[in-house]
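# Here is the input, now give the coordinates:
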Amino acid sequence: MDFKRASLLAIAAASLVAGVAQAQVKVGVTVSATGPAASLGIPEKNTFTLMPKEIAGKKIEYVVLDDASDTTTAVKNTRKLISEDKVDVMVGSTVTPNSLAMVDVVAENETPMITMAASARIIEPMDAKRAWVFKTPQNDSHMATAIAEHMGNNNVKTVAFIGFADAYGDSWAQEFAKVAELRKIKVVANERFARTDTSVTGQVLKMMGANADAVLIAGSGTPAALPAKTLKERGYKGKIYQTHGVANADFLRVCGKDCEGTFLPAGPLLVAEQLPDSNPVKKPALTYKTAYEKAFGGQVSTFGGHAWDAGLILQHAIPEALKKGQPGTKEFRKALRDAMEQTRNLPVSHGIMNMSATDHLGFDQRARVMVQIVDGKWKLLK
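Okay, the predicted model is just below:
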């Protein structure tokens with residue numbers, strides 16, 4: 001075989017390999033399947049196994065990594081998935097600090113990202129970097145408003161606040177302070193704790209000293225049970241509120257009887273079967289709930305729902321993006337970003353999405369309900 005012919009065959013072989021690589025859409029995923037946020041990340045990881053393996057004639061490959069609830073690892077995973085695995089879109093991470101740290105990486109590489117973390121700061125205020133980032137959980141501002149409304153309607157005048165000592169707690173403190181002021185509710189204590197803390201006695205004693213009508217705990221997953229249990233141990237008699245960050249069965253198991261009577265805002269998925277048939281979210285929520293519980297048993301998690309909803313966004317956006325580019329190219333990633341931004345009236349497990357250039361979530365009040373823990377179960381408040 002002469003050199004020229006060998007070279008042509010080599011080029012043809014390389015082209016064939018490249019063609020195969022471009023024939024599928026690659027979805028990079030980083031979730032907190034271990035570490036303090038594992039109770040959130042595990043159902044998210046499970047959910048990716050339920051997602052379609054083909055969309056619009058293109059095979060879909062999900063490359064899933066665990067960031068162990070660690071910000072540095074989340075960034076490392078993101079860089080690997082983009083530079084080595086050549087993913088077309090990123091989904092992740094589970095928690096706010098990780099997701100915030102990923103924004104610079106995806107923007108630098110012009111790769112769209114869908115976060116499963118709650119803080120509005122991940123997508124607001126909109127700028128050149130956040131233009132590449134979308135989210136599926138309800139904003140903390142949505143949920144803070146629901147809590148303040150419930151407090152105002154139940155004669156709560158003063159509130160003691162305790163939140164994670166990170167971006168999640170800080171964002172909740174800021175958003176709740178805004179809506180509390182509008183409702184003329186006074187925040188009389190503002191405390192913090194780490195996700196890995198084993199005691200919050202000092203913070204709880206300070207809050208109880210403020211003699212507040214209610215306490216708002218801004219945490220997520222099982223670590224948020226610690227302040228609630230400590231408050232009960234110390235004899236606190238006021239109302240206790242949590243955020244939508246605790247809406248899973250693991251939290252109920254860990255907190256047990258100490259969370260009886262607790263109020264929280266949540267996505268409709270948490271109480272899908274209790275929703276009236278007229279609620280437009282009931283059908284998509286039950287579709288996911290049925291699929292998840294059939295595959296994994298137990299009780300569906302709202303956090304898994306955030307992953308499911310990311311998948312629904314992609315099912316909507318990928319066919320549109322394919323009209324303008326092929327997977328593995330800059331043109332496709334840009335078209336995918338643009339298509340996600342054009343999401344309109346999309347029913348998902350947590351609400352109805354209507355995105356725009358300035359709103360990369362697109363939820364309205366249909367994406368939230370108020371719930372109380374009664375007899376160890378979630379009860380929809382009418």
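# In the stretch 251-382 of the chain, what residue spans correspond to strands?
With DSSP state E, counting those that start in this stretch as the criterion, the stretch 251-382 of the chain has strands at 263-266, 346-348, 351-353, 369-374, 377-380.
# Spit out the contact partners of the residue nearest the centre of the chain.
In the chain, the centroid-proximal residue (CA atoms, centre = their mean) is Met116; its distance is 2.6 Å. By CB atoms under 8 Å, 6 or more residues apart in numbering, the contact list for Met116 reads 31, 44, 91-94, 99, 135-137, 303, 306-307, 310. Glycine gets a C-beta too; all of them are placed from N, C-alpha and C.
# May I see those residues organised as a markdown table, with distance to Lys58 and neighbour count added?
Formatted as a markdown table, these follow (distance: CB to CB, whole Å; neighbours: other CB atoms under 10 Å):
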| residue | distance to Lys58 | neighbour count |
| --- | --- | --- |
| Val31 | 23 | 33 |
| Glu44 | 23 | 27 |
| Val91 | 17 | 29 |
| Gly92 | 21 | 30 |
| Ser93 | 25 | 34 |
| Thr94 | 27 | 33 |
| Ser99 | 27 | 29 |
| Lys135 | 24 | 26 |
| Thr136 | 22 | 30 |
| Pro137 | 27 | 28 |
| Phe303 | 28 | 33 |
| His306 | 24 | 29 |
| Ala307 | 20 | 30 |
| Ala310 | 17 | 28 |
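# which one of those residues is nearest Asp67?
If you rank these by distance to Asp67 using CB to CB, Ser93 comes first, at 5.7 Å.
# Help me confirm that that closest one comes into contact with Ile114.
No - counting by CB atoms under 8 Å, Ile114 is not a contact partner of Ser93; they are 10.6 Å apart.
# To what extent is the nearest residue to Gln365 once chain neighbours are set aside buried, counted in neighbours?
With CB to CB, 6 or more residues apart in numbering as the criterion, Gln365 has its nearest non-adjacent residue at 7.7 Å, and that residue is His142. The number of residues packed near His142 is 22, by other CB atoms under 10 Å.
# Next up, identify which helix or strand His142 is on.
helix 140-153 (DSSP states H and E).
# counting contacts, what elements does that helix pack onto?
Counting contacts by 3 or more CB pairs under 8 Å, 6 or more residues apart in numbering; DSSP states H and E, helix 140-153 packs against helix 167-182, strand 239-242, strand 263-266.
# Repeat the analysis, applying 6 Å as the threshold.
helix 167-182, strand 263-266 (3 or more CB pairs under 6 Å, 6 or more residues apart in numbering; DSSP states H and E).
# re earlier: deepest-packed of the strands of the stretch 251-382 of the chain, please.
Of these, the one with the most neighbours on average (mean count of other CB atoms under 10 Å) is strand 263-266, at a mean of 25.
# Go ahead and produce CSV holding the CA coordinates of that one.
Only the C-alpha atoms of strand 263-266 are listed here, as CSV (Å, rounded to 0.1, in the frame of the first residue of the first chain):
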residue,chain,number,x,y,z
PHE,A,263,-45.0,24.1,57.5
LEU,A,264,-43.2,24.4,54.2
PRO,A,265,-43.7,25.5,50.6
ALA,A,266,-43.2,22.8,48.0
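# what's it in contact with?
143, 146-147, 241-242, 244, 247, 368-372 (CB atoms under 6 Å, 6 or more residues apart in numbering).
# run the last query once more with 7 Å
Strand 263-266 is contacted from outside by 143, 146-147, 150, 239, 241-244, 246-247, 302, 368-372, using CB atoms under 7 Å, 6 or more residues apart in numbering.
# Repeat that for stretch 371-382.
Here stretch 371-382 has contacts from 252, 259-264, 266, 270-271, 274, 369-370, using CB under 7 Å, 6+ apart.
# ok, how many other residues are close to Leu275?
18.
# Can you check what pLDDT the model gives it?
pLDDT, Leu275: 97.
# again, but for Ala23
Reported pLDDT for Ala23: 85.
# can you check the one 5 residues further on too?
Per-residue confidence (pLDDT) for Gly28: 98.
# Who is it paired with across the strands?
Counting by DSSP bridges, Gly28 is bridged to Val63, Met90.
# one step back: find the one among the helices and strands packed on helix 140-153 with the highest mean neighbour count.
Most buried of the helices and strands packed on helix 140-153 by mean neighbour count (mean count of other CB under 10 Å) is strand 263-266; its value is a mean of 25.
# From the contacts of strand 263-266, list just the buried residues.
143, 146-147, 150, 239, 241-244, 246-247, 302, 368-371 (16 or more other CB atoms under 10 Å).
# in the stretch 51-200 of the chain, which spans are strands?
Taking DSSP E, counting those that start in this stretch, the strands of the stretch 51-200 of the chain run over residues 54-55, 58-66, 89-92, 113-115, 133-135, 158-164, 186-193.
# nearest to Arg344, of the ones you listed?
That would be strand 133-135 among the strands of the stretch 51-200 of the chain, by CB to CB, at 13.9 Å.
# My guess is Leu336 contacts Glu320. True?
No - judged on CB atoms under 7 Å, Leu336 makes no contact with Glu320 at a distance of 8.2 Å.
# Pick out whichever of the two has more residues nearby.
Legend: neighbour count by other CB under 10 Å for Leu336 and Glu320, higher for Leu336 (25 against 16).
# so what's the closest residue to the more buried one other than its chain neighbours up against?
In this structure, Leu336 finds its nearest non-sequential neighbour in Ala321, 4.1 Å apart by CB to CB, 6+ apart. Contact analysis of Ala321 by CB under 7 Å, 6+ apart lists 332, 335-336, 339.
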